[in-house]
Each structure stands twice: as C-alpha cells, then as structure tokens.
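*Asks:* I'd like to go over a predicted model; first the sequence, then the structure.
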Amino acid sequence: MNRDHINELAEQQAERRQNLYQGVRLDRNHIEVNKHPFEIAFEYRDGFDLDKFVERFSPILNKYDYIVGDWGFEQLRLKGFYRDDVKDAQRAQTIGAVQDYLYEYCNFGCAYFILKNERVIKPKRTSHSRKDDRRSTNNKRDKQSRGRSNRSSSRSKQRRKSNHKAFTTKHKAAPFTEKQQKPANVKASSGNQARTTKQNNGKRHFTIRQK
C-alpha cells in the first residue's frame, strides 16, 4: 500500500466524518458540534481550526470536562481531561496536569487549544458493568467473611491448645536409681571371729562366734 493510497483513504474517512458531524462557530469563543456546546477556553498560536476539529472529533470526548488539541507534523491530536475536583480521576487525567502533558507528549512550542465542555455527558452504565460491580462487591464480602471466620477459628484453636496444656500436663517421675547397701564392717576383736552363714532361704547373715 503506497502513500498516495493511504492519503486517499484518509480523505475518504474525513469526508464521511464531515457528514456525521457538523460544526458551527457561534462567536469568537463558542462553537457547537452537532448542537453540543463548547467554549474555547485557551488558544495558543491560533491552534484552533473548526474544520480540523470536526474531522477528529469523536462522541467519546463528550464525557470529559475539557478537550486539549495539539498540532504535530500538521496533524491534530485530541485528548480529554477531567476537572480537578473529580474524585475518581487520576491527577494525570485532570486539567491541572495539562502543562505536564504538553511538555512530555507534545512538540516543543507547538500550537494548541483547550476547549471547555459545557454539557458533559457521562456514559451510561450497562447491565454488564452493573453485574461486574455486584460480583466484585460479593467477592469483597466473601473475603471479609472468610477472614473473620479464619480469625475466629484460629482463636478457638489457640484456646483449645492452651486448655489442653493446662489439663493434660503430667509431672514426670524422678528417674529410678538403684541403691546398693554396703556390707556391715565387722571388726574382729580378741576372742571374737566373724563368719557368714547361709540360711535356707538363700540369704546370708553374719554370726559372731566366741572362741
């Protein structure tokens, strides 16, 4: 596909878009696209061109509070931004960060403009998105309930473990040590002699005989 054919396709698409969207300039600072009102809040180096804006316009931009258009290589680029007080928007998506956007993503010193959307149209929530929200809410509730049940079960296990230790602890018996009895020391005196005799029951005992 050569460049001439690409340019021809781009021109055909631009013609179709012109038939879809009609732009009207009401005064110096106010325009309408298909009767949707916008205000030119800021313009740098005559950056705003109504015809080019209509060619690049898309209805999805109606959900933003501001539309920023910048020029690069003779092409217009559009980007939407929210107000600074929108809670769910990140700072990079708010109009307060537009200078950062121009410095980081646009050509240095390029012409640009900022339009204020005078009738913001929020996209309608589909049934699929509502189901997703309900599903995520239910998942959060399930996680919370599981967390509570896990904490309660762990506490009950700890209580049972402590009670088990309190009631089943046994004192170990002292180790058994065999005591050996020393034989009695008998001193032989004059005229006395010690000897052992064995009884019928197998036990031995000492007897002292007189000489």
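*Replies:* In hand now; what should we look at?

*Asks:* Could you pull out the helices in this protein for me?
*Replies:* Taking DSSP state H, the helices of the chain run over residues 3-20, 50-56, 98-105, 127-168.

*Asks:* which other helices and strands contact the third one?
*Replies:* By that I understand helix 98-105. Applying 3 or more CB pairs under 8 Å, 6 or more residues apart in numbering; DSSP states H and E, one finds that helix 98-105 contacts strand 66-72, strand 75-81. No exception for glycine: its C-beta is placed from N, CA and C like everyone else's.

*Asks:* Other residues contacting the longest strand seen in the chain?
*Replies:* Ordering each strand of the chain by length in residues (DSSP state E) puts strand 36-44 first. Residues outside strand 36-44 that contact it (CB atoms under 8 Å, 6 or more residues apart in numbering): 28-32, 48, 62, 66-67, 111-119.

*Asks:* Now restrict these to buried residues only.
*Replies:* Taking 16 or more other CB atoms under 10 Å as the criterion, what is buried in the contacts of strand 36-44 is I31, F48, N62, Y66, I67, A111, Y112, F113, I114, L115, K116, N117.

*Asks:* How about the fourth one: which residues does it bridge to?
*Replies:* Assessed by DSSP bridges, Y66 has beta-bridge partners F81, K116.

*Asks:* For it, give its distance to L115.
*Replies:* 7 Å (CB to CB, to the nearest Å).

*Asks:* what's the answer for the second one, then?
*Replies:* Counting by CB to CB, the gap between F48 and L115 amounts to 8 Å.

*Asks:* Can you check which residues contact both of these two?
*Replies:* Joint contacts of F48 and L115 (CB under 8 Å, 6+ apart) are I40, G69.

*Asks:* circling back to that earlier point, mind checking which of the contacts of strand 36-44 land in strands?
*Replies:* H30, I31, E32, Y66, I67, Y112, F113, I114, L115, K116, N117.
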